[in-house]
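J.: Got a sequence here, can you build the structure:
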Amino acid sequence: MLLMLLLALGTYWLMRSSSLFATPRVEKEVRRDPDYEMKRFSVKTFDQEGRLKSEIYGDQAWHYPYNDMLEISGVQMRNYNIERGYYTVATAARAITTSKATEVELIGKAHVLRPAVIDKQGRALPRVSFKSEYLHAFLEEERVLSNMPVELMHGESRIEAQNLNFSNYDQVIELRGRVRGTLLPRGAVSDIQVMPSSSAEPSQRPLE
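T.: Modelled structure (predicted):
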């Protein structure tokens, strides 16, 4: 009887250890619906030294955990280039952005603006503005893409095109499709904007 009991226990142990008899694991389905929602909100991010890097304002937002993206309605964003001494503003009816606000798709009345400014090297940079129904902005890389008609303002010059690929770092603008515009000589920089001091309290008012 003892030998039979040992044989039975051994057989049970083999069945439990064998992958053939193991209970199949059920893969947990990735959640596709929002895990939280915000209304009339503002979010600010800071670098390791406590300097303001970005601000996001919105009427309503939904966070999707499967790709860590935010969908925002009535969005206004401001990204600060601390090293070079200026900032970029982005607004749209709707936006899809990374949680760190470094990349954003602007949909509906999209507008990206870098005001005229004197940078930290003392250079006068003209106002740069993009308007379209769709803009894909990489704020830290200072790149703007669009596969829809877009209006570009650089200082007093104005250009319209069907597609756009702009890199501020490389100072390269690629325009495709029907292109037309007015190019004017670069004049004095007007409406100079000053980036807030890193020690100053961040502004609580909506972006302009």
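
J.: For stretch 75-84, list every residue counted as buried.
T.: Buried residues in stretch 75-84, defined by neighbour count with 16 or more other C-beta atoms under 10 Å: V75, Q76, M77, R78, N79, Y80, N81, R84. Every residue, glycine included, has its C-beta placed from N, CA and C.

J.: scratch that, stretch 56-73
T.: Buried, per 16+ other C-beta under 10 Å, within stretch 56-73: I56, Y57, G58, A61, Y64, M69, L70, E71, I72, S73.

J.: Can you tell me the SS state at the last one?
T.: State at S73, reduced to three classes by DSSP: H, G, I helix; E, B strand; the rest coil: strand.

J.: Against L135, how distant is it?
T.: From S73 over to L135 the distance is 16 Å, taken as C-beta to C-beta, to the nearest Å.

J.: contacts for stretch 121-135?
T.: With contacts defined as C-beta atoms under 8 Å, 6 or more residues apart in numbering, stretch 121-135 is touched by 84-86, 90, 92, 105-119, 144-155, 164, 166, 168, 186, 188-191.

J.: Start and end of it, how far apart?
T.: End-to-end distance of stretch 121-135 (C-alpha to C-alpha, to the nearest Å): 29 Å.

J.: Could you do stretch 77-95 as well?
T.: Criterion C-alpha to C-alpha; first-to-last residue distance in stretch 77-95 is 10 Å.

J.: I'd like the distance from whichever strand or helix holds K53 to the chain centre, please.
T.: Secondary structure from DSSP states H and E places K53 in strand 52-64. Centroid separation between strand 52-64 and its chain, computed with C-alpha atoms, centre = their mean, to the nearest Å, is 10 Å.

J.: And the buried residues of stretch 75-84, which is closest to S99?
T.: Within those, the smallest distance to S99 is 13.0 Å, found for M77 (C-beta to C-beta).

J.: before we move on, the earlier item: now for the strand holding K53, which elements pack on it?
T.: Under the contact criterion of 3 or more C-beta pairs under 8 Å, 6 or more residues apart in numbering; DSSP states H and E, strand 52-64 touches strand 36-46, strand 69-81.
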